[in-house]
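In: Please work out how this folds:
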Amino acid sequence: MSRLDAAIATLTSAFVARFPERAGRVRSVGREAELPLIDTAGRAGDSARLWPTLLRVTGAAPVHDPSGLLIGAEAPRWFCLAEVGRGTVEIGVGPRRSIVELERDFAPALRTIDAVARGAGYRLLGYGIQPRTPPGPAMLTPKARYEALAGAIGQGWLRWTVTASDQTHVDIGRDELVRAMNALNGCSGALIALCANSAVYGGRPGAAAGREALSARVTGEPFRNGAVPRRFADPEDYVRWTVGFRTLVLPDRRGGFTEPGVPFADRLIRRGPDLEEWLYHEHYLWPSARPRARLGTLEVRPACQQPGATFAATALSLGWVEANGDVAAYLDQTFPGASGWRKLMGYRRRAVSAGICSDEPAPDFLATLVELSAEGLRRRNLGENAFLDPIRERLERREGPADRARRLLRERGMAALIGGLTLRT
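Out: Numbering: from 1, shown residues only. Got it, this is the predicted structure:
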């Protein structure tokens, strides 16, 4: 066994041990909802203006960057943080036993944060991207880590200063980890098609999932963000895939960051396996469905924020994870082997561009996957199936939020688009 193979085997063993042998009888679910913050003209706001008031009215604890920068607030049942872009806030809730419980905590948190934003002259959007403001250095939140990544990556990192995703975390066990990763990455095109909502950005219409189109090219490395090139055979195959990517930044021992700029495999050969160092490296790979060893979850990433149907993407993702065995069986049978996976990823590309109107890769592909998600939620018997109703309506009408955004811009202009996207809490 080579030095690299031995190091990968050691890392894999330590990585897998971070997950429970099996998920709990009832899987918990969490949500990280990124929301664009805009002023009355529809241009990006500055989240830094929210924190003093939010801390005062909620009694939440301040959250600081290691540099001392105030970057958010943490309350007992939610947190709100500055994202990569100054004009994006992230509201986190969970883990909770069900989406119903998530909504009970998320809704009052959103009302409070929205009231503070309105007091500062801002609005929050149920949308996946800044509608008018383009990415650029002035948009970057000056966290030390973000500035280090901007230095390591260059201008591409700034693309994330305008995007806003809707990320779902679901408990996962070792026994299903790779199967669920493959299933949810295989479903990523469907999730994008059904939940794309970032079709107008930089003031103009673009790809239905503009945030996915922009972020796919953040580092210039194929498959670092979004689609993955294949099904993973086992956890070691996943770890081996991750170490082929460039190491962007790592913490140094002085409170700062180094920029190694070499494939992580090179560090493994020279320095041997270090789980914490690898986890830091792996955090800066962004496949559509990725394992989060620190949390024991599968994180599902490619959905945009939505107005009105704010938990639709969470419900789809949770249902697919719950039914991951059935989902994997359907995808394996319908899209077998490497050519089948390429077909799924080809559909994903089309969905990024055209959303729900994209040609499906198999008859009734979306309808089948929606029903598999619904069956997963029914098994839980926790009253979550109604959260899929907006998805069923979109499928019946063959119109998604991206289509409505383009139509609003075309027929009534930017002011109407922003009014339609503004959250009303």
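
In: how near is residue 297 to residue 150?
Out: 28 Å (C-beta to C-beta, to the nearest Å). No exception for glycine: its C-beta is placed from N, CA and C like everyone else's.

In: go on, residue 319?
Out: Residue 319 is 37 Å from residue 150, by C-beta to C-beta.

In: what sits against residue 194?
Out: Taking C-beta atoms under 8 Å, 6 or more residues apart in numbering as the criterion, residue 194 is in contact with 312, 316, 356, 366, 370, 391, 394, 395, 400.

In: Just the buried residues of stretch 13-21, please?
Out: Buried residues in stretch 13-21, counted by 16 or more other C-beta atoms under 10 Å: 14, 15, 16, 19.

In: Of the residues you listed, which is the nearest to residue 155?
Out: Relative to residue 155, the closest of these is residue 15; by C-beta to C-beta it sits at 32.2 Å.

In: Reduced to three states, what does the closest one come out as?
Out: With DSSP: H, G, I helix; E, B strand; the rest coil as the basis, residue 15 sits in helix.

In: Would you confirm that it contacts residue 235?
Out: Yes. Assessed by C-beta atoms under 8 Å, residue 15 is found in contact with residue 235 at 6.6 Å.

In: ok, back up a step: neighbour count winner among residue 319 and residue 150?
Out: It is residue 319, of residue 319 and residue 150, that has more neighbours when counted by other C-beta atoms under 10 Å, with 30 against 20.

In: So which bits of the helix or strand hosting that one are buried?
Out: Using DSSP states H and E, residue 319 maps to helix 312-322. Buried residues in helix 312-322, counted by 16+ other C-beta under 10 Å: 312, 313, 314, 315, 316, 317, 318, 319, 320, 321, 322.

In: any idea which of the buried residues of stretch 13-21 is closest to residue 345?
Out: Of all these, residue 15 has the smallest distance to residue 345: 24.7 Å, by C-beta to C-beta.

In: which residue sits closest to the closest one, ignoring its sequence neighbours?
Out: residue 293 (5.5 Å; C-beta to C-beta, 6 or more residues apart in numbering).

In: The residue nearest to the spatial centre of the chain sits in which helix or strand?
Out: With distances taken as C-alpha atoms, centre = their mean, the residue of the chain nearest its centroid is residue 301 (2.6 Å). Counting by DSSP H and E, the element that carries residue 301 is strand 297-304.

In: I would like the residues contacting whichever helix or strand residue 420 is part of, please.
Out: Using DSSP H and E, residue 420 maps to helix 414-421. Here helix 414-421 makes contact (C-beta under 8 Å, 6+ apart) with 38, 42, 123, 125-127, 131-132, 200, 203, 307, 404-405, 408-409.

In: which one of those is nearest residue 28?
Out: Of all the contacts of helix 414-421, residue 28 sits closest to residue 126, with 24.4 Å by C-beta to C-beta.

In: Just confirm the closest one contacts residue 310, I think it does.
Out: Yes. Using C-beta under 8 Å, residue 126 makes contact with residue 310 at a distance of 6.4 Å.

In: Compare the two and say which is more crowded by neighbours.
Out: Using other C-beta under 10 Å as the criterion, residue 126 and residue 310 rank with residue 126 on top: 24 against 21.

In: From residue 166, how far out is the spatially closest residue to the more buried one that is not a sequence neighbour?
Out: Nearest non-adjacent residue to residue 126, counting by C-beta to C-beta, 6+ apart: residue 307, 3.3 Å away. Computed as C-beta to C-beta, the residue 307 to residue 166 distance reads 12 Å.

In: Between the two, tell me which one has more neighbours.
Out: Set residue 307 next to residue 166 and count neighbours by other C-beta under 10 Å: residue 166 wins out with 27 against 17.

In: That one should be in a strand, yeah?
Out: Yes. Assigned with three-state DSSP, residue 166 falls within a strand.

In: Identify the residues contacting it.
Out: Residues near residue 166 by C-beta under 8 Å, 6+ apart: 31, 32, 33, 34, 128, 195, 303, 304, 305, 306, 313, 314.

In: repeat that with 10 Å
Out: 31-35, 126, 128, 191, 195, 197, 300-306, 310-314, 317 (C-beta atoms under 10 Å, 6 or more residues apart in numbering).

In: That one pairs with what?
Out: With DSSP bridges as the criterion, residue 166 is bridged to residue 33, residue 303.

In: Can you give me the separation between it and residue 192?
Out: Using C-beta to C-beta, we find residue 166 at a distance of 12 Å from residue 192.

In: Check residue 223 too.
Out: Going from residue 223 to residue 192 by C-beta to C-beta gives 16 Å.

In: which one of those two has more residues nearby?
Out: More neighbours surround residue 192 than the other of residue 223 and residue 192, with 33 against 17 (other C-beta under 10 Å).

In: what's the helix or strand for the residue nearest to residue 295 when sequence neighbours are not counted?
Out: Ranked by C-beta to C-beta, 6+ apart and with sequence neighbours excluded, the top spatial neighbour of residue 295 is residue 169, at 6.3 Å. For residue 169, the host element (DSSP H and E) is strand 165-171.

In: I'd like the next helix or strand past that strand.
Out: Later in the chain than strand 165-171, the nearest helix or strand by DSSP H and E is helix 177-186.

In: quick one, the helix or strand following that following helix and strand 297-304 angle?
Out: Using DSSP H and E, the helix or strand that follows helix 177-186 in sequence is helix 188-195. Put simply, helix 188-195 runs at 50 degrees to strand 297-304, going by axes from the mean of the first three to the mean of the last three C-alpha atoms, to 10 degrees.

In: Can you tell me the element residue 31 falls in?
Out: Per DSSP H and E: residue 31 is located in strand 29-38.

In: Show me what that strand is packed up against.
Out: The helices and strands touching strand 29-38, judged by 3 or more C-beta pairs under 10 Å, 6 or more residues apart in numbering; DSSP states H and E, are strand 78-82, strand 88-96, helix 99-119, strand 123-124, strand 165-171, strand 297-304, helix 312-322, helix 414-421.

In: Residue 311: what's it in contact with?
Out: Listed by C-beta under 10 Å, 6+ apart, the contact set of residue 311 reads 29, 31, 33, 99-100, 102-103, 106-107, 166, 168, 318, 384, 386-388, 390.

In: hmm, which of the residues you listed are the buried ones?
Out: Among these, those classed as buried by 16+ other C-beta under 10 Å are 29, 31, 33, 99, 102-103, 106, 166, 168, 318, 384, 387-388, 390.

In: Return the member of these nearest to residue 56.
Out: Of the buried ones among the contacts of residue 311, the one sitting nearest to residue 56 (C-beta to C-beta) turns out to be residue 106, at 21.6 Å.

In: what sits in contact with each of residue 15 and residue 235?
Out: Counting by C-beta under 10 Å, 6+ apart, the residues touching both residue 15 and residue 235 are 177, 291.
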